[in-house]
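What follows is a protein structure lacking sequence information:
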């Protein structure tokens, strides 16, 4: 496809799988039973993903507890009373809090690819949580004997290992989930916190070659959970100039439900680097109505007025179910939307003559 198109990651899980994941967390079913269910879920998800025509797929994050907390499973140096993230509809998500060092990941994202590769025939993309999101685990009042500087050093190396594990296990692309970017501007309008986030992520990226960074991307959105967001009220223009200083080759941007789409695209065009491809969101994942291929095509044509076609790609605004308990979108709707993205992107490429 002349204009590349990629998913963000997660696909809604079947009710049977969601209930089994809950039962497993309470010790009501065995690891062996859970493994069989995961195999079935990943196999079916990949089969349906490939049927959409998507040239690059994911495993739908069927095995992840959430896009953010997979590195933390079973760690014993965490307490539950960490940062609280509030969403527009009133619900919240709470991160854990680190109680003592050193900080390590219990699970690397590359481990999920081992299962997915047994079923996939198309290139696989793997999402990882950003180091900046994990930096929120360190408590404001510090940890005796384990300074924030030590924590950040450990965090950077764990994040590097996370990305490296994906490449080592056959990932075609690796995507850093950076949903906290826009939220950082909401929490600190001076953008000091956002700059801290950019700096730590660039520390991670400095460990990869320029060729590898062309296969690494960053995803930004105002949060998408239970069809609600946490920072859509923050002007995108406050984020984009710093976002595009991240040393990555690919930027995946929520855009389809922005109110001032062309103003956002203008800012992107002014700050994007020559070696960056901008994947514009053409699918609204928090709207249950399935876009037509014509609507997707129209969104791509609008983006092409600002972004050169050799630097343009398309994507979904966000994952469809970033947390395992998110049931706001049905599986069949998610796959129908993905198919529309693929077909609409192809239509636009034909109209643009690329």
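In hand now; what should we look at? For clarity, every value in this text was computed on a predicted model and none was experimentally measured.

what element comes up after the helix or strand of the chain with the lowest mean pLDDT heading to the C-terminus?
Across the helices and strands of the chain, mean confidence by mean pLDDT, DSSP states H and E is lowest for strand 84-86: a mean of 74. Next in sequence after strand 84-86, counting helices and strands by DSSP states H and E, comes strand 92-94.

tell me the average confidence for the following helix or strand past that following strand?
Counting by DSSP H and E, the next helix or strand C-terminal to strand 92-94 is strand 97-98. Mean per-residue pLDDT for strand 97-98: 94.

and the helix or strand following strand 97-98, what other elements does it pack with?
Per DSSP H and E, the first helix or strand lying C-terminal to strand 97-98 is helix 110-116. Applying 3 or more Cβ pairs under 8 Å, 6 or more residues apart in numbering; DSSP states H and E, one finds that helix 110-116 makes contact with helix 31-51, strand 125-129, helix 148-168. (Glycine included, C-beta is placed from N, CA and C.)

Tell me which other helices or strands the first one touches.
Just to be clear, that refers to helix 31-51. Using 3+ Cβ pairs under 8 Å, 6+ apart, helix 31-51 sits against helix 15-25, helix 110-116, helix 331-352.

Now do the longest one against helix 31-51, angle only.
When you say that, I think you mean helix 331-352. Our comparison of helix 331-352 with helix 31-51, counting by axes from the mean of the first three to the mean of the last three Cα atoms, to 10 degrees, yields an angle of 30 degrees.

quick check: longest strand of this protein.
strand 277-283 (DSSP state E).

Figure out how far that one is from the centre of its chain.
Centroid separation for strand 277-283 versus its chain: 13 Å, with Cα atoms, centre = their mean, to the nearest Å.

contacting residues around that strand?
Here strand 277-283 makes contact (Cβ atoms under 8 Å, 6 or more residues apart in numbering) with 4-6, 217, 221, 249-256, 265, 268, 272, 291, 296, 299-300, 303, 307, 311-318, 337-338, 340-341, 344-345.

So which of those residues are in helices?
Within the contacts of strand 277-283, residues falling in helices by DSSP state H are 265, 268, 296, 299, 300, 303, 337, 338, 340, 341, 344, 345.

Please list all residues in contact with the fifth one.
By Cβ under 8 Å, 6+ apart, the contact set of residue 300 is 3, 280, 282, 312, 314, 344, 345, 348, 349.

what does the model give it for pLDDT?
98.

Excluding covalently adjacent residues, which one is nearest to it?
Excluding its sequence neighbours, the residue lying closest to residue 300 (Cβ to Cβ, 6 or more residues apart in numbering) is residue 348, at 3.5 Å.

pretty sure that neighbour is touching residue 309, no?
No: between residue 348 and residue 309 there is no contact under Cβ atoms under 8 Å: 9.2 Å.
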